[in-house]
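> Sequence first, predicted coordinates after that:
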Amino acid sequence: MYLSICCFFFCWAPALSLKNLNYSVPEEQGAGTVIGNIGRDARLAAGGGMLPAERGVPGGGPGGGRGPKSTFRVLENSAPHLLDVDGESGLLYTKQRIDREALCRRSTKCQLSLEVFANDQEICMIKVEIQDLNDNAPSFPSDQVDMDISENAAPGTRFPLTSAHDPDAGDNGLRTYLLTRDDYGLFSLDVKSRGDGTKFPELVIQKPLDREEQSHHTLVLTALDGGDPPRSGTVQINVRLIDSNDNSPIFEAASYVVELPENAPLGTAVIDLNATDADEGTNGEVLYSFSGYAPERVRDLFSIDPQSGLIRVKGNLDYEESGLIEIDVQARDLGPNPIPAHCKVTVRLIDRNDNAPTIGFVSVRQGALSEAAPPGTVIALVRVTDRDSGKNGQLQCRVLGGGGGPGAVPFTLEENYDNFYTVVTDRPLDREAQDEYNVTIVARDGGNPPLNSTKSFSVRILDENDNPPRFSKNLYVLQVPENNIPGEYLGSVLAQDPDLGQNGTVSYSILPGHVGDVSIYTYVSVNPTNGAIYALRSFNYEQTKHFEFRVLAKDSGSPHRESNATVRVTVLDVNDNAPLIVLPALINDTAELQVPRNAGVGYPVGTVRALDSDFGESGRLTYEIVEGNEEHLFEMDPTSGEIRTLHPYWEELSPVAELVVKVSDHGKPSLSAVAKLIVRALAGPLPEAGEPQVNGEQHRRPHWDLSLPLIVTLSTVSIILLAAMITIAVKCKRENKEIRTYNCRIADGSGGGKGKKKKISKNDIMLVPSEGEDSRGPLNVMNVVSSPSLATSPMYFDYQTRLPLSSPRSEVMYLKPASNNLTVPQGHVGCHTSFTGQGNNASEAPPSRMSIIQVGDF
């Protein structure tokens with residue numbers, strides 16, 4: 001066995017080099033034949049120690065326990081079924097018998113290639129040449145060949161004979177032909193060579209033929225190869241002489257050369273051959289065909305028109321498979337005993353860029369890549385090849401989406417040697433921006449147009465704790481109505497950490513702080529998991545209108561990262577004042593308005609005025625008629641409260657109309673007050689100034705000059721009375737605001753006993769709006785709650801009841817006791833006021849009641 005070793009060392013990285021090894025082995029060697037020791041021949045050290053001991057057979061031999069083990073990994077193998085490398089010893093061996101003829105056919109050089117990654121440090125490029133043995137004799141397609149030759153064939157006429165085939169190559173291939181058993185010396189043999197080096201025989205007539213003297217001749221054609229000793233094959237040629245016409249077709253030239261691009265479309269014209277025959281009639285009609293011994297591949301690639309001699313493309317032409325194709329064409333006439341004419345058409349294929357580059361991954365990094373990896377970290381080793389030649393095989397490679405611009409991947413491609421490239425990082429990584437990359441390698445050749453190939457692999461990014469939690473806002477503004485319930489949810493803060501796992505798990509806490517002299521921890525708390533903020537006390541708008549504190553967000557990484565945000569809590573004033581109707585003057589929430597008869601449409605019946613001590617939307621009032629106007633006799637301005645007539649004959653439809661008017665504010669929830677207005681038709685003459693239009697005619701009074709003083713007098717008195725009532729109402733409301741006290745007494749079960757009196761100010765009682773329903777529909781009510789300021793009183797109770805907003809102020813109000821832990825004194829507690837009116841149903845009152853006696857105006 002012949003061994004030729006040629007080592008070249010190229011250093012592309014601190015721990016990677018390339019070595020080339022060339023081996024040769026004769027064909028027909030059995031399985032298990034050792035071709036060479038890669039570790040020894042490449043002088044590789046196992047893990048930096050001594051060279052490994054050579055083993056006799058793959059997988060066996062002593063010396064396996066000394067020093068670090070060598071590893072040999074096959075990256076590429078052109079014939080994995082024939083050759084392999086032992087992973088520990090590095091022995092290159094055969095896996096089965098190698099037949100060179102089956103492997104490489106007629107190629108002059110038969111070579112197998114391997115790429116071996118040794119000790120994770122060296123790449124060995126191995127070439128194994130399969131040496132040919134003369135184990136095949138030349139053979140002909142058949143044992144005998146029949147030929148018809150016209151006796152008129154002149155000396156020198158040539159007839160191509162069938163060629164022999166010898167699978168062996170080189171010196172062992174077909175060398176020459178011999179012609180034997182030519183008893184009369186009529187024929188000779190001429191051996192010629194084709195452009196690809198193959199030889200073919202031609203039978204040459206040496207003397208004139210005479211069919212009458214001998215009509216048949218038997219010849220033996222022998223093919224010899226160049227082996228030592230040579231091998232041979234024979235075929236019997238049976239020549240039959242035929243009478244024929246005197247002239248045969250003649251081509252314009254004996255040979256033609258045509259250039260044709262590879263991958264030419266099917267049906268493309270190659271050449272239009274022309275052969276002429278001097279004979280007339282059928283003896284001069286020429287038919288074209290491929291020679292009987294034309295290779296089958298030629299018949300698969302081309303077709304010929306038998307009438308015109310036009311040759312067209314029939315199959316796919318591939319320059320990489322064969323760049324030169326020879327076509328043998330014959331032309332024979334239709335006369336008896338035709339003598340065919342032959343010519344050769346040589347087709348030279350022009351290379352086209354029809355092969356895209358091939359991308360292969362030699363090694364790809366396993367596992368995730370830390371986002372803290374520095375630029376220049378190696379990710380993969382790539383090899384790119386192209387079957388085309390020349391400019392069509394020149395390659396340009398890059399990483400798709402690279403270059404450092406917006407949206408670019410943080411990887412680049414570095415060229416090393418012999419179409420090897422390394423994929424490296426070109427800038428710091430950020431997992432939060434992208435946690436996985438699909439790295440695509442793009443290879444482009446230099447053809448026109450160029451061809452591209454792509455191949456991808458994925459790179460996952462490992463998380464590091466490099467991001468602190470970030471709040472969605474720097475300032476959170478929360479609002480809570482006063483008199484809230486301790487433990488009430490106020491709102492939430494949110495901080496997000498784009499890191500993963502514990503690095504992205506956020507917990508919340510409140511930084512130390514004070515509201516005045518009181519710790520913030522007595523005001524609010526925060527859920528450490530979700531950032532929900534809860535009130536720890538009931539807020540009073542008059543005491544605290546707003547306060548601020550800071551919330552800390554911290555992740556669970558090591559070391560942890562943190563950030564904080566400010567939370568501002570604003571206490572809102574509630575809508576706790578209902579509208580108060582001051583005009584017209586009400587008696588038991590009722591007023592009477594008189595309107596002259598025959599008052600036309602649009603006559604002002606009266607104006608309702610109400611006051612609300614609240615501000616903003618809670619103090620903006622709306623007026624409406626809620627009952628008694630089903631026939632739409634009147635209308636009320638929702639803003640000014642003015643009531644006007646809508647029907648010209650309203651007094652005939654309803655001489656006395658009872659209208660229920662409602663005044664509502666725009667607070668949430670809305671509070672309202674109601675009043676009943678009795679509108680009566682006034683009998684007597686209508687003043688001229690106020691006479692209505694009835695049916696388009698104006699009714700005139702005969703004594704209008706006597707009514708005018710009466711109207712002026714009534715108007716003056718009405719204005720004076722109205723001003724007096726407004727003055728009294730405003731004064732009463734001011735006094736009601738300044739001083740509102742209540743006397744409470746606690747009676748025993750019989751109601752005869754008297755308890756100790758306690759002064760209760762207005763601020764000790766709070767009205768809390770709520771919504772309710774009864775059998776007649778929705779009902780706006782007020783909850784009455786005792787103030788926390790009474791907690792120090794020995795007679796402290798916490799009561800709550802629901803009072804209809806439309807109830808007259810003089811009604812008796814019962815307070816339902818709220819559930820608490822205080823002890824309620826036994827006994828009957830009654831409630832009284834300074835007004836008289838209808839009270840609530842006594843059956844709804846609880847056994848324990850608290851008496852509230854109002855001093856002054858309500």
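The structure has been received and is ready for your questions.

> so how many other residues sit close to residue 98?
Using other Cβ atoms under 10 Å, residue 98 has 24 neighbouring residues. (Glycine included, C-beta is placed from N, CA and C.)

> Torsion angles phi and psi at the closest residue to it other than its chain neighbours?
For residue 98, ignoring the flanking residues on the chain, the nearest one in space by Cβ to Cβ, 6 or more residues apart in numbering is residue 27 at 5.1 Å. Phi and psi for residue 27, reported as degrees, to the nearest 10, are phi -70, psi 170.

> Give me the distance between residue 27 and residue 33.
Counting by Cβ to Cβ, to the nearest Å, the gap from residue 27 to residue 33 is 11 Å.

> the more surrounded of those two?
When residue 27 and residue 33 are compared for neighbours, residue 27 comes out ahead with 19 against 16, by other Cβ under 10 Å.

> Just the pLDDT for the residue nearest to residue 98.
The model reports residue 27 with a pLDDT of 81.

> how far away is it from residue 459?
Residue 27 is 45 Å from residue 459, by Cβ to Cβ.

> Show me where the stretch 451-600 of the chain dips below the pLDDT cut-off.
The stretch 451-600 of the chain contains no residues with pLDDT under 70.

> So what pairs up with residue 348 in the strands?
residue 259, residue 324 (DSSP bridges).

> same thing with the one 10 residues further on?
Beta bridges link residue 358 to residue 385 when assigned by DSSP bridges.

> Next one: it, what pLDDT does it get?
Looking at residue 358, the pLDDT reads 89.

> Does it touch residue 382 like I think?
No - applying Cβ atoms under 8 Å, one finds residue 358 not in contact with residue 382, separated by 11.0 Å.

> So for those two, which residue has more residues nearby?
residue 382 (26 against 15).

> what about that one, which helix or strand?
Element membership of residue 382 [criterion: DSSP states H and E] is strand 378-385.

> Send me that strand as CSV with only the CA atoms.
This file holds the C-alpha atoms of strand 378-385, laid out as CSV (Å, rounded to 0.1, in the frame of the first residue of the first chain):
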residue,chain,number,x,y,z
VAL,A,378,-17.4,32.3,17.8
ILE,A,379,-20.8,30.9,17.1
ALA,A,380,-20.3,28.5,14.1
LEU,A,381,-17.9,27.3,11.5
VAL,A,382,-19.3,27.3,7.9
ARG,A,383,-18.0,25.9,4.6
VAL,A,384,-19.4,27.2,1.2
THR,A,385,-18.8,25.6,-2.2
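
> Give me the next element, helix or strand, following that strand.
strand 395-399.

> Please export the C-alpha coordinates of that following strand as CSV.
As requested, the backbone C-alpha atoms of strand 395-399 are provided in CSV (Å, rounded to 0.1, in the frame of the first residue of the first chain):
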residue,chain,number,x,y,z
LEU,A,395,-18.4,33.3,-3.9
GLN,A,396,-19.5,36.2,-1.6
CYS,A,397,-20.9,35.3,1.8
ARG,A,398,-22.6,37.3,4.5
VAL,A,399,-25.0,37.1,7.4
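
> Which secondary structure elements does that strand sit against?
Applying 3 or more Cβ pairs under 8 Å, 6 or more residues apart in numbering; DSSP states H and E, we find strand 395-399 packed against strand 378-385, strand 411-415, strand 436-445.
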